[in-house]
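>>> below are the sequence and a predicted model; questions follow.
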Amino acid sequence: MTTFGVHVGLQHTTADELRTVWQRIEALGFGWISVWDHFYGATGKPDDAACLEAVAMHAALACSTSKVRVGSLVYSVGYRHPAVLAKAITAIDQLSGGRADMGIGAGWAKVEYDAYGIPFPSIGTRMDQLEEGIQCLRGLLHDDVTSFDGTWFQLAEARNEPRPVQAKLPIWIGGGGEKRTLRIAAQYADGWNVPFIAPDAFAHKCAVLDQHCATVGRDPGEIKRAVNVGLAYTEESLVQQFGALAPMVKPGVLSGSDDEIVDRIGQYVEAGAEQVNIALRAPFQLEPLERFAQALHLS
């Protein structure tokens with residue numbers, strides 16, 4: 001059965017507004033809400049710094065809802081030490097009564113690293129950090145005691161207590177890189193998410209993920225697959241939401257009539273998507289989300 005969720009951006013909004021939005025999303029029948037991890041707005045502009053911190057808002061999401069899975073897509077390993085992150089996610093799992101998921105990625109928004117004096121190494125190094133980081137997270141979140149001796153992270157008989165409510169708190173990998181990201185997902189992740197690609201591109205990446213699973217000896221059915229898509233019933237709405245990024249994200253934006261959108265969802269599901277998340281950012285427009293929920297009979 002397909003899960004439908006909403007991925008809510010934390011830029012240009014307030015905590016009060018987010019609580020209202022999250023609660024409305026839950027009431028509409030969605031099964032998942034996630035937050036992103038940025039210090040600046042996701043536009044990449046050096047003067048766009050209006051963005052709330054992700055761990056705190058992930059905890060607020062857990063406390064503001066009662067039924068939905070509460071996720072993150074995705075925390076950046078470049079400024080989130082996996083041990084500290086594991087402690088935070090464990091607390092969020094307890095706050096939510098066992099509804100927490102967490103995602104981890106290599107990071108991409110160089111502007112915020114530069115602004116805060118955080119090293120932004122080459123993509124190869126960042127992928128190495130991601131591969132080590134997810135192993136640390138798996139140990140701390142899934143096992144009682146973890147030791148790890150990597151280049152970037154080390155753990156010495158580390159314990160994460162009290163334990164999460166969930167015995168195997170789901171860990172997601174975010175990104176579409178076919179050589180490293182999808183291989184890391186195949187080997188270590190419980191879920192994989194990619195944003196703003198068309199169904200045929202999603203199907204191709206699912207096939208690549210399957211190939212990596214075969215190489216590492218993993219059952220591909222163990223990895224839940226999700227896509228983040230936009231929702232814009234009109235071209236005007238697309239531009240209003242995404243601005244200069246509109247042409248780039250358009251292949252992964254649902255548009256047209258209700259029937260056309262339902263058909264497009266079917267194409268993603270046929271391509272291998274087990275979860276479809278609507279990407280929502282401020283200024284929040286809930287009417288299209290309500291129309292979408294009604295068309296999919298979510299509640």
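Okay, I see it.
>>> confirm Gly133 sits in a helix?
Yes. Assigned with DSSP: H, G, I helix; E, B strand; the rest coil, Gly133 falls within a helix.
>>> tell me the contacts of the nearest residue to Leu10 once chain neighbours are set aside?
For Leu10, ignoring the flanking residues on the chain, the nearest one in space by Cβ to Cβ, 6 or more residues apart in numbering is Leu52 at 4.3 Å. Quick note: C-beta positions are derived from backbone N, CA and C, even for glycine. By Cβ atoms under 8 Å, 6 or more residues apart in numbering, the residues touching Leu52 are Leu10, Gln11, Thr13, Ala15, Leu18.
>>> do the same with Leu238
For Leu238, the contact set (Cβ under 8 Å, 6+ apart) comprises Gly230, Ala232, Ala246, Lys250, Val253, Ser255.
>>> and for Glu132?
Pro82, Phe148, Gly150, Thr151, Trp152, Phe153.
>>> any idea how far it lies from Thr151?
Computed with Cβ to Cβ, to the nearest Å, the distance linking Glu132 and Thr151 is 7 Å.
>>> number of residues surrounding the closest residue to Ser255 other than its chain neighbours?
Distances taken as Cβ to Cβ, 6+ apart place Ala232 nearest to Ser255, at 5.2 Å, with adjacent residues excluded. The tally of other residues near Ala232 (other Cβ atoms under 10 Å) stands at 22.
>>> what separates Ala232 from Gly71, distance-wise?
For Ala232, the distance to Gly71 (Cβ to Cβ) stands at 23 Å.
>>> try Phe30
Distance of Phe30 to Gly71, given as Cβ to Cβ: 12 Å.
>>> which residues do these two both contact?
In contact with both Phe30 and Gly71: Gly5, using Cβ under 8 Å, 6+ apart.
>>> for the stretch 151-299 of the chain, which spans come out with low pLDDT?
Within the stretch 151-299 of the chain, no stretch has pLDDT under 70.
>>> which SSE is Asp37 in?
Under DSSP states H and E, no helix or strand contains Asp37.
>>> that one and Cys51 touch, don't they?
No. Asp37 lies out of contact with Cys51 (Cβ atoms under 8 Å); the separation is 9.5 Å.
>>> next SSE after the helix or strand hosting Val194?
Assigned by DSSP H and E, Val194 falls within strand 191-195. Later in the chain than strand 191-195, the nearest helix or strand by DSSP H and E is helix 199-216.
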